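[1] with the sequence up front, the predicted model follows.
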Amino acid sequence: NFFIPATAFLPLVMAAANAEAEWKECFDLYDKKSTGKISGSELGEALRSLGFVFTQKELAEMQAEAGAEVSWDKFQALASKKPRQPEKQAQNLLQAFKVFDKAGTGQVDMAELQHIVTCLGEKLTPKEFEDICKAAGLPASGSLEYKKVVDKVVKT
């Protein structure tokens, strides 16, 4: 007989526990009213912030299944359906940064980045941008080497 000690599974159990804690933290951030539910329209944004990559079709199907409000249990079930894709997430983020790196230097100007994230797409307020930069240890001005940021985002 082949014996596998229970401790061999500890890293898997720890990784799953860490992932669930990260999911819960994210869910709670989107549960702004502390009702135990998030808006179905925010489901894609929440899952993408955790590193999940979805096509528009997959997201539409998921939102249809979830309904107008998503409970923590439903959020877990939906997040568990598709594994995270850190390589694809990194590739998508790098492509997005490269659009604004016209000179191909691997850097973007912080003022331009702030303008982009506060004016385009899922907008942040200037205060949210400032808070994120502080929390991530990003410079308030000057240039930012975006590959390092992408690596940091994808690894966490």
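    Yes, it's here. Residues are numbered from 1 along each chain as shown.
[2] shaky segments in this protein?
    Within the chain, the stretches with pLDDT under 70 are 1-18, 83-85, 122, 153-156.
[3] at 50 instead, please
    Along the chain, the parts satisfying pLDDT under 50 run over 1-16.
[4] show me what contacts the residue most central in space within it?
    Nearest to the mean C-alpha position of the chain, by CA atoms, centre = their mean, lies Ser49 at 1.7 Å. Neighbour list for Ser49: Cys26 [criterion: CB atoms under 8 Å, 6 or more residues apart in numbering]. (Glycine included, C-beta is placed from N, CA and C.)
[5] residues in contact with stretch 142-156?
    Under CB under 8 Å, 6+ apart, the answer for stretch 142-156 is 51, 86, 89-90, 93-94, 97, 101, 105-110, 113, 136, 138.
[6] so which of these belong to strands?
    Mapping the contacts of stretch 142-156 onto strands (DSSP state E) picks out 107-109.
[7] who wins on neighbours among these?
    Highest neighbour count within the ones in strands among the contacts of stretch 142-156, by other CB atoms under 10 Å: Val108, with 21 neighbours.
[8] that one contacts Lys102, doesn't it?
    No. Taking contacts as CB atoms under 8 Å, Val108 lies outside contact range of Lys102: 9.6 Å.
[9] and the buried ones among the contacts of stretch 142-156, selectable in ChimeraX?
    A single ChimeraX command suffices to select whichever of these are buried according to 16 or more other CB atoms under 10 Å:
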select :51,89,90,93,94,97,108,110,113,138
